[in-house]
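Q: okay, predicted coordinates and the sequence, questions at the end:
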Amino acid sequence: MNRDELFTRPRARPPALALCGNLAAIHPSEPGGGTWMGVNERGLAFALLNWNSCPDPHVPILESRGRLIPLLLKGSDPCEAAAILEGCDLTRTKPFRLIMTFPRERHLSEWMWDGVGLGSRSHAWVRRHWFSSGLDEAGAERLRGSAARGAMSDSDAGTREWILRLHRSHIPEPSAYSICMHRPDASTVSLTTMDFTESRVFMGYHDGPPCLDQTPVDLELSIKTSFKNPS
């Protein structure tokens, strides 16, 4: 997951081990708390995207979207996490899309809050991409989606190196629409990855634009139950 932010936004903290309820977890953090991505010791993982194409709900915004994932990481399975989310008061929260994955059950779902109601849908366990943009979300989805589809012809499509290369890419040029985003007032500021084996999950964190050559911060967490290998 790439994270795009204005240059005026405070720098985030790299991933660290945390206790969410009774479960160990790994996630990066905003300076004020909260996060956009995380995974717990049950192998339940989340990624949160702003949903900027939704109409402004015109309500006082007092609750950060980033508070949600530490709450959801208390869940031991998708049903428990869904119950936690459904129990949250979202009325003062801006629209978002929340991606939930559970490799043990090959579960992939998407939760959507539009400022009025919460909806969800399940997806087949196949490769998918989601894109967000505060400038032109429809345009970013179209052009970044085209870049991702075009990369499928690469001989190593689907491998870890291919995914990293895609997140570093500037197709067709470095701009507000490239996957590694660059604007005069904002850019991609980090890349966070999660890699699963049957017994462990590894989180990698590239602090800075992923197109820059840098050594990532890596953490790992034991998974307390085995899961099926994804195809």
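A: Cool, the structure landed. Numbers count the residues shown, from 1 in each chain.
Q: so for this structure, which residue is the most central one in space?
A: With distances taken as C-alpha atoms, centre = their mean, the residue of the chain nearest its centroid is A47 (2.8 Å).
Q: need the three-state assignment for that one.
A: Here A47 is recorded as strand under DSSP: H, G, I helix; E, B strand; the rest coil.
Q: ok, it - contacts?
A: Each residue near A47 by C-beta atoms under 8 Å, 6 or more residues apart in numbering is listed here: M1, W36, M37, L98, I99, W130. For glycine as for every other residue, the C-beta is placed from the backbone atoms N, C-alpha and C.
Q: 10 Å - rerun?
A: A47 sits next to 1, 3, 35-39, 69, 97-101, 130, 192, 194 when contact means C-beta atoms under 10 Å, 6 or more residues apart in numbering.
Q: pull out the buried members of these.
A: In the contacts of A47, burial by neighbour count holds for 3, 35-39, 69, 97-101, 192, 194, counting by 16 or more other C-beta atoms under 10 Å.
Q: which of these fall in helices?
A: I69 (DSSP state H).
Q: quick one: which of the buried ones among the contacts of A47 is nearest Y205?
A: Of all the buried ones among the contacts of A47, the one sitting nearest Y205 is T192; the distance, using C-beta to C-beta, is 5.4 Å.
Q: would you mark the buried spots in the helix ranked longest in the chain?
A: Longest among the helix segments of the chain by residue count, using DSSP H, is helix 137-151. Of the residues in helix 137-151, E137, A140, E141, L143, R144, A147, A148, A151 count as buried by neighbour count, 16+ other C-beta under 10 Å.
Q: the nearest residue to the fifth one once chain neighbours are set aside is in what secondary structure piece?
A: Looking back up the chat, that one is R144. Using C-beta to C-beta, 6 or more residues apart in numbering and skipping residues adjacent in sequence, the residue nearest R144 is F131, 4.6 Å away. Secondary structure here is read from DSSP states H and E; on that basis F131 sits in neither a helix nor a strand.
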